[in-house]
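Asks: Got a predicted model here, sequence first, then my questions.
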Amino acid sequence: MDTVELLILLVGSLAVTGFARAKGLPAPLLVTAVALAASFLPGLPPIEIDSEVILTLILPPLLYSAALDVSWQSFRTSIKQIRRLGIFLVIVTALAVGLAAYIIIPDMDWPAAILLGAIVAPPDAVSAAAIGRKLGLPRRVMTVLSGESLINDAASLTLVRVFTLIAAGTSLTIWQDLGIFGLAIGVGLAVGGVLGVLVHWIRQRINDPVVETIMSILLPFVAYILAEDLSGSGVIAVVTAGLYIGYNSPKEGYATRLQERPLWTSIDVILEGFVFALIGLQLNTVVQDLIESERSLGQTITAAAVVLAVVIVVRPLFVFESYVRNRFNGRWLRPLRIRLSRGHPSLRWLRGSAEPKLNWRELTVISWTGMRGVVTLAAAVSVVANPVDIKAQDTIFVIAFFVTVGTLLLQGLSLPFVIRRLKVQDPAEGEEDIRSEMRLNQRTTEAAIQLLDDRKPEWSAQFGTDAVEAVVSRLKARLERQAETFRRDAEEEESEERNAPVRLSGAQIQDIRRELLDRRREIVLEERERGNLDEEVMRRVLVTLDAEELAMDSAQASRSRS
C-alpha cells in the first residue's frame, strides 16, 4: 500500500465514521459495509495487508487506550468471568473449530485445523463496546466485555504462535507448549509492569504535559515490541502498562489528563475506521483467490459457513454452561461447602470468592458479542505470508475472512435489537453515579474548608495575620457557598427520587445539562459580538464551561467502559 492509497483509505474511513456517528449508526459495521461494496469498484487496486504493521502499529494503541479506561477495581472483581471468556473460551473455540475443520476439509491436518481455530477464536470488542456504550449496557457487563478483549488476544496469538510452529513441521512436547505460554505471560507482565512503573515515575516529576503525552503515545509500541523481542506476549505487556498508568493517572498532573483523553479518543476513531475498512476491502481479493484456486468453490464456502456456525454457537454454549453450573453450584453445592468450611477451618477455601452475578439477559448479550476483527485478520495474513508451507494456508485465510465479516454483519447488526429486546439497561446506575458525584463534591469541599481552619495559624505566622485573614475568609466563604449548593442539590435529588412518578435516566439528565451549557455559550458569544465582553474574559469563561462538559463526558465514558 503506497502513501496515496493509505491517505485515501484513512480519509474515506474517517468520512464514513463521521457520518455514522452523526446518524447514531454503529461506525465499525458501516465502514465494513461500505468497504465491502467499494472493493468491487472498477480500477480499484488490490489492497495488501501487512500483518506486522497491524500487530505492531495498530493493535498496541487500541489495546492501550482501552486499558487506560478500564476500572482496575471492577476488572479485579470480575476477573473470574474475564478469565473464563478471555482464556478458556479461546481454547474451547480453537478446539471446536479445529475439529470441524479437520472433518470437513480433506487436505487439512490437525495442527493446521487447530491453527485456524486459534485465528478465529478471539472476538474483537471494538464494535460491541461501541454499541454497548450507546445503548447503556450496565457497568458489570461492559467490564466483562472490556476485560475479555484485553486478554483474549494474548491467548489467541500465543496459540497461533505454537500451532504455526507445529503446522510448519516443528515437533513440540506438551511441556514445550506450556513453556511457550508461560514465557509469553511472564515476560509480558514483567515488561509491561516495569515500563508502566518507569513511565509513571518520570511523568510525576517532569511536569510537562506535552512530553508526558508523547511518552504515553510511545509506551504501547515500546512495550509491545520489547516484549515480542523477548519471546513474550506484546499484548499482555501493553495491557499491563495501560492498566497501571490508568490506575495511577490521578496522581499525575491534571493538564496531562485533560490533554490525553481527547487525543486517545481521536486515535481510536482513526485506527478503528482504518482497520474495518481494510477488512471490507479484502472481499474482492478473497473472491478472486477462490475463483483461481484449485479447490472447489462450493467446498470452501461450505467449510467457511460451518466454521462460522461453530464460532457463533460455541460462545453461548460456553457462557450458559458456566451460568447453569454456577446455579447448580449455588443452590446445591455452596451450602454444603459452607457447612464443611465451618466445621473444618482448613477447608475455608471451599467457600469461593464473591464476584458480580450476571442474569440470563446479560449473559445472552455477552454471548452474542462475538464479532471478530483486527486480530483474526492479521493472524490469518501472517499465516499466508509464512515462508514455510502450511497445509491449506490459503483456505485458512479465506475462512478467517468470511468468519470476520460474517460475525460483524450477523451479530453486529442484530446486537442492538437483542439489547433493546431484552432490556439490558440500567438507568438507575447513571442516577446513582450522579448522586455519588454530588456526595463526593460536598465531601471534598468540606475537607477544603477544614484545611483552611487547620492551616490558618501556620499561614498567619508565616505571611502575616491581616493578609491571611482576608484571603482565608474569602476562600472559606466561597467554599461554604459551594458546600451548601452541593448539599441542597443532593437533598433535592433524593426528594425527586422519592416523589417522581417517572425517573429520567442518567443519559437523559446529561442531555439536558448539555443543552444548558450550549445556551450559556450562546450568551457568551452574543455578549462578545455586542462588544460587552473582552476576548480574554470570554476565553476564561468558555474554559470553565468546557471543563464542566469535559467532566460529564469523562464520567460517561468511565461508566460505559468500566
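Replies: Right, received. Where do you want to start?

Asks: what's the burial count for the residue nearest to residue 304 when sequence neighbours are not counted?
Replies: Among residues not flanking residue 304 along the chain, residue 402 sits closest, at 4.0 Å (C-beta to C-beta, 6 or more residues apart in numbering). The C-beta positions use only the backbone N, C-alpha and C, and glycine is treated the same way. Residue 402 has 21 neighbouring residues, counting by other C-beta atoms under 10 Å.

Asks: Got the phi and psi for residue 402?
Replies: Residue 402 has phi and psi values of phi -70, psi -40 when expressed as degrees, to the nearest 10.

Asks: Just confirm it contacts residue 308, I think it does.
Replies: Yes. With contacts counted by C-beta atoms under 8 Å, residue 402 reaches residue 308, the gap being 6.4 Å.

Asks: residue ranges with poor pLDDT in the stretch 351-500 of the chain?
Replies: Applying pLDDT under 70 to the stretch 351-500 of the chain flags residues 351-356, 385-388, 425-441, 486, 489-500.

Asks: what's the spacing between the residue nearest to residue 304 and residue 135?
Replies: 27 Å (C-beta to C-beta, to the nearest Å).

Asks: I'd guessed residue 286 sits against residue 401; true?
Replies: Yes. Counting by C-beta under 8 Å, residue 401 is a contact partner of residue 286 at 5.1 Å.

Asks: Now for residue 468: which residues touch it?
Replies: 456, 459, 460 (C-beta atoms under 8 Å, 6 or more residues apart in numbering).

Asks: Pick the one among the residues you listed closest to residue 28.
Replies: When the contacts of residue 468 are ranked by distance to residue 28 (C-beta to C-beta), residue 459 comes first, at 55.6 Å.

Asks: quick one: secondary structure of the nearest residue to the closest one once chain neighbours are set aside?
Replies: Excluding its sequence neighbours, the residue lying closest to residue 459 (C-beta to C-beta, 6+ apart) is residue 468, at 4.6 Å. Assigned state for residue 468: helix (three-state reduction, DSSP: H, G, I helix; E, B strand; the rest coil).

Asks: that older thread, which of residue 286 and residue 401 has more neighbours?
Replies: Legend: neighbour count by other C-beta under 10 Å for residue 286 and residue 401, higher for residue 401 (23 against 20).

Asks: For the one helix or strand that one maps to, buried residues please.
Replies: Per DSSP states H and E, residue 401 falls inside helix 393-422. Buried residues in helix 393-422, counted by 16 or more other C-beta atoms under 10 Å: 393-408, 411-412, 415, 418-419.

Asks: Who are the contact partners of residue 211?
Replies: Contacts for residue 211 (C-beta under 8 Å, 6+ apart) come out as none.

Asks: backbone phi and psi for it, please?
Replies: phi -70, psi -40.

Asks: Report the contact partners of residue 547.
Replies: By C-beta under 8 Å, 6+ apart, the contact list for residue 547 reads residue 258.

Asks: In which helix or strand does it reside?
Replies: Following DSSP H and E, one finds residue 547 within helix 535-561.

Asks: can you check residue 308 too?
Replies: Going by DSSP H and E, residue 308 is part of helix 297-328.

Asks: Report the distance from that helix to the chain centre.
Replies: Helix 297-328 sits 23 Å away from the centroid of its parent chain (C-alpha atoms, centre = their mean, to the nearest Å).

Asks: One more: stretch 446-461?
Replies: Its chain's average C-alpha position is 43 Å from that of stretch 446-461, according to C-alpha atoms, centre = their mean.

Asks: Pull out the buried residues from it.
Replies: Neighbour count says stretch 446-461 has 446, 449, 452, 456, 459 buried, by 16+ other C-beta under 10 Å.

Asks: from the residues you listed, which ones fall inside strands?
Replies: Using DSSP state E to define strands, no part of these is located there.

Asks: Tell me which of the residues you listed fall in helices.
Replies: In helices, judged by DSSP state H, the following of the buried residues of stretch 446-461 are found: 446, 449, 452, 456, 459.

Asks: want to throw the contacts of residue 468 into CSV with distance to residue 7?
Replies: Converted to CSV, the contacts of residue 468 look like this (distance: C-beta to C-beta, whole Å):
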residue, distance to residue 7
456, 61
459, 58
460, 64
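
Asks: from the ones in helices among the buried residues of stretch 446-461, which single one is nearest residue 223?
Replies: Of all those, residue 446 has the smallest distance to residue 223: 41.2 Å, by C-beta to C-beta.

Asks: Need the nearest residue in space to that closest one, chain neighbours excluded.
Replies: That would be residue 483: by C-beta to C-beta, 6+ apart, it lies 5.6 Å from residue 446.

Asks: My guess is the one you found contacts residue 443. True?
Replies: No. Shown here, residue 483 and residue 443 do not form a contact pair, counting by C-beta under 8 Å, at 9.2 Å.

Asks: Counting neighbours around each, name which of those two comes out higher.
Replies: residue 483 (18 against 12).

Asks: Tell me which helix or strand that one sits in.
Replies: Using DSSP H and E, residue 483 falls in helix 465-499.

Asks: so the residue nearest in space to the middle of the chain is in which element?
Replies: For the chain, residue 66 is the residue whose C-alpha lies nearest the centre (C-alpha atoms, centre = their mean; 3.9 Å). Using DSSP H and E, the element containing residue 66 is helix 59-68.

Asks: Then residue 235?
Replies: For residue 235, the host element (DSSP H and E) is helix 234-248.

Asks: Next secondary structure element downstream of that helix?
Replies: Using DSSP H and E, the helix or strand that follows helix 234-248 in sequence is helix 254-281.

Asks: For that following helix, buried residues please.
Replies: Buried positions in helix 254-281, judged by neighbour count with 16+ other C-beta under 10 Å: 256-257, 259-261, 264, 268-281.

Asks: list the helices and strands the very next helix or strand once past it packs on?
Replies: The helix or strand immediately downstream of helix 254-281 is helix 283-292, counting by DSSP H and E. Of the remaining helices and strands, those touching helix 283-292 by 3 or more C-beta pairs under 8 Å, 6 or more residues apart in numbering; DSSP states H and E are helix 297-328, helix 393-422.

Asks: And the contacts of helix 283-292?
Replies: 35-36, 39-40, 44, 46-47, 297, 300-301, 394, 397-398, 401-402, 405.

Asks: my guess is residue 319 meets residue 369, correct?
Replies: No. Using C-beta under 8 Å as the test, residue 319 is too far from residue 369 to be in contact (10.0 Å).

Asks: Between those two, tell me which one has more neighbours.
Replies: Higher neighbour count among residue 319 and residue 369: residue 369, with 28 against 22, using other C-beta under 10 Å.

Asks: Distance of the residue of the chain most remote from its centre relative to residue 519?
Replies: What lies farthest from the middle of the chain is residue 466; by C-alpha atoms, centre = their mean that is 54.1 Å. Between residue 466 and residue 519 the computed distance is 43 Å (C-beta to C-beta).

Asks: ok, now residue 252?
Replies: On the measure of C-beta to C-beta, residue 252 and residue 519 end up 34 Å apart.

Asks: Which of the two has more residues huddled nearby?
Replies: Taking other C-beta under 10 Å, residue 252 and residue 519 do not tie; residue 252 has more neighbours (19 against 10).

Asks: and residue 423, what is it in contact with?
Replies: Residue 423 neighbours (C-beta under 8 Å, 6+ apart): residue 361.

Asks: which among the contacts of residue 468 gets closest to residue 106?
Replies: Closest approach between the contacts of residue 468 and residue 106, by C-beta to C-beta: residue 459, at 84.7 Å.
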